[in-house]
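Would you be able to build a 3D model of this:
(chains A, B, C and D)
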There are 2 protein chains.
Amino acid sequence: MSTAKATYHHGDLRAALLRAATELLEEGGETALSLRAVARRAGVSPAAPYRHYADREALVSAVAAVGYQELAERLAAVHPEPATAEQLAGVAVAYVQFALERPALFRIMFGEPCDRDNDERVVATAAVSLYLRGIVERAFPRADADALATAVWALVHGLAFLHLDGKLDASSPEVVADRVASAIHAVLTATAAAPAAGGRWRR
Amino acid sequence: MSTAKATYHHGDLRAALLRAATELLEEGGETALSLRAVARRAGVSPAAPYRHYADREALVSAVAAVGYQELAERLAAVHPEPATAEQLAGVAVAYVQFALERPALFRIMFGEPCDRDNDERVVATAAVSLYLRGIVERAFPRADADALATAVWALVHGLAFLHLDGKLDASSPEVVADRVASAIHAVLTATAAAPAAGGRWRR
DNA sequence: TTACGAAGTTAACGGTGCTCACATTAGACG
DNA sequence: CGTCTAATGTGAGCACCGTTAACTTCGTAA
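Residues are numbered from 1 along each chain as shown, chains lettered A, B, ... in the order given. Have a look, this model is predicted:
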């Protein structure tokens, strides 16, 4: 009762809109996230949101931004400072599970063109990127950190999307976790499996 | 002049709709691909498409299906039967470049929930999957082919999306090609960069 | 030739994003 | 304590969307 007065204009729409939008997204997927529906749920006229968000895109971006934050927290919760390949795999599993648990949110975050001028978004994704880079530097100190961090992010990101799209079976969390872990294992030990003994990178 | 009669009902809508849809997608992105606009461009009433496609989703799926085919051809054109890590990298670059050249199409193909009951779609993606698996089996005969093929697809797919979303700089095709190649290189030689000499997978 | 069924049309419903002119009111300033 | 202003919410309205239903056209097979 301390939060909103509820008597005058509204209190703080913007926050209410953001919350309503998140709920609608969770309940009905991206299509359910219409500006009018959000306004309806916030108990306000269809034009009111435009006082706080330039357009639908801006509201969606705001939802995505909190999504990035939640993803970052989720990853950090797995291991504060992962430093081995197995811990890296654990983080990867968490990333994919996040995508599968909240598919609509994940698609909002990554599945559509992102307006570059949304600060929250770029900051948040930079955080994810840095976190991964840290892991890579600790686990593979002698590697090209930039390239490897990019590769790891892409690998994990791709696994998330392929599961999300039904390209890979995602019927149970266990099989997903297994597949993610073994994919990472396979790729990190691929050189050993190349035909030329030792499997050096040839050029 | 041999193709369409243009005198009677229409000739073959369905094909014309598919073509119009592809054009609109290319010109104005996903949002431009409305059933009404497609009908307009095909010179037909707004309700006509429903004789050939159950709903918008069905038409979009059809567009996606030809996208899968084109992607498959594009990859096959790089190397008919890639068998080394470098050739694999070449295929990866082609995959990412396809995504960047035709972003809207790529997003249609992968960026939204895919209805499982569209045969064309599942067949086409199976083809891509098999193609990659073949490469992996030839280049890394001693690896777990399933796991490694999955990992490679995910890696490449993730690289495509991260570039598409501006998470990675995609300003010029050259820097993209470089990044993709070195990411693959990095991940395939990661074990050698692990702290424990030899970099075996620990458990 | 006629009757049928596939393919196209028109009109309409409810929903959407967005804009503009207007009403209200919180809070700063005299 | 009163007043003015700028922010915030309203209502009506535009153009568009997907989808459906009832209707018309017309090639084709009996």
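
can you pull the buried residues of the helix ranked longest in chain A?
Looking across chain A with DSSP state H, the single longest helix is helix A:56-78. Within helix A:56-78, the residues that count as buried by 16 or more other C-beta atoms under 10 Å in any protein chain shown are A:56, A:59-68, A:71-72, A:74-75, A:78. Yep, even glycine has a C-beta here, placed from its N, CA and C like the rest.

Kindly report the same for stretch A:155-165.
Buried residues in stretch A:155-165, counted by 16+ other C-beta under 10 Å: A:Leu155, A:Val156, A:His157, A:Gly158, A:Leu159, A:Ala160, A:Phe161, A:Leu162, A:His163, A:Leu164, A:Asp165.

swap in stretch A:123-143?
Neighbour counts using 16+ other C-beta under 10 Å place A:124-125, A:127-129, A:131-133, A:135-136, A:138-140, A:143 of stretch A:123-143 among the buried residues.

and which of the buried residues of stretch A:155-165 is nearest A:His185?
Nearest to A:His185, judged by C-beta to C-beta, of the buried residues of stretch A:155-165 is A:Leu155 at 11.6 Å.

Next, the closest one: secondary structure please.
Of the three states, A:Leu155 takes helix under DSSP: H, G, I helix; E, B strand; the rest coil.

what residues are up against it?
When contacts are counted by C-beta atoms under 8 Å, 6 or more residues apart in numbering or on different chains, A:Leu155 touches A:Ala92, A:Ala183, A:Ile184, A:Val187, B:Ala151, B:Ala154, B:Leu155, B:Gly158, B:Val187.

List the contacts of the first one.
Same thing as A:Ala92. A:Val152, A:Leu155, A:Val156, A:Leu159, A:Val180, A:Ala181, A:Ile184.

Kindly recompute the last result at 10 Å.
By C-beta atoms under 10 Å, 6 or more residues apart in numbering or on different chains, the residues touching A:Ala92 are A:75, A:78, A:82, A:132, A:135, A:152-153, A:155-157, A:159-160, A:177, A:180-181, A:183-184.

same question, the fifth one
With contact taken as C-beta under 10 Å, 6+ apart, B:Ala151 is in contact with A:155, A:158-159, A:179-180, A:182-188, A:190, B:132, B:136, B:143-144, B:187.

if we go to 8 Å?
By C-beta under 8 Å, 6+ apart, the residues touching B:Ala151 are A:Leu155, A:Leu159, A:Ala183, A:Ile184, A:Ala186, A:Val187.

now swap in A:Leu188 and tell me
Contact analysis of A:Leu188 by C-beta under 8 Å, 6+ apart lists A:Ala85, B:Val187, B:Ala190, B:Thr191, B:Trp201.

Tabulate the CA atom coordinates of the lowest-mean-pLDDT helix or strand in chain A in PDB.
When each helix and strand of chain A is scored by mean pLDDT, DSSP states H and E, helix A:119-139 comes last, with a mean of 88. Presented in PDB, the C-alpha positions along helix A:119-139 are these (Å, rounded to 0.1, in the frame of the first residue of the first chain):
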ATOM      1  CA  ASP A 119      20.900   2.300 -24.000                       C
ATOM      2  CA  GLU A 120      19.600  -0.200 -21.500                       C
ATOM      3  CA  ARG A 121      19.700  -2.900 -24.200                       C
ATOM      4  CA  VAL A 122      23.300  -2.300 -25.300                       C
ATOM      5  CA  VAL A 123      24.500  -2.100 -21.700                       C
ATOM      6  CA  ALA A 124      22.800  -5.300 -20.700                       C
ATOM      7  CA  THR A 125      24.100  -7.300 -23.600                       C
ATOM      8  CA  ALA A 126      27.500  -5.900 -23.000                       C
ATOM      9  CA  ALA A 127      27.300  -7.300 -19.500                       C
ATOM     10  CA  VAL A 128      26.500 -10.800 -20.800                       C
ATOM     11  CA  SER A 129      29.300 -10.500 -23.300                       C
ATOM     12  CA  LEU A 130      31.800  -9.500 -20.600                       C
ATOM     13  CA  TYR A 131      30.700 -12.300 -18.300                       C
ATOM     14  CA  LEU A 132      31.300 -14.900 -20.900                       C
ATOM     15  CA  ARG A 133      34.600 -13.300 -21.800                       C
ATOM     16  CA  GLY A 134      35.700 -13.600 -18.200                       C
ATOM     17  CA  ILE A 135      34.900 -17.300 -18.100                       C
ATOM     18  CA  VAL A 136      36.800 -17.900 -21.300                       C
ATOM     19  CA  GLU A 137      39.900 -16.000 -20.100                       C
ATOM     20  CA  ARG A 138      40.000 -18.100 -16.900                       C
ATOM     21  CA  ALA A 139      39.300 -21.400 -18.500                       C
END
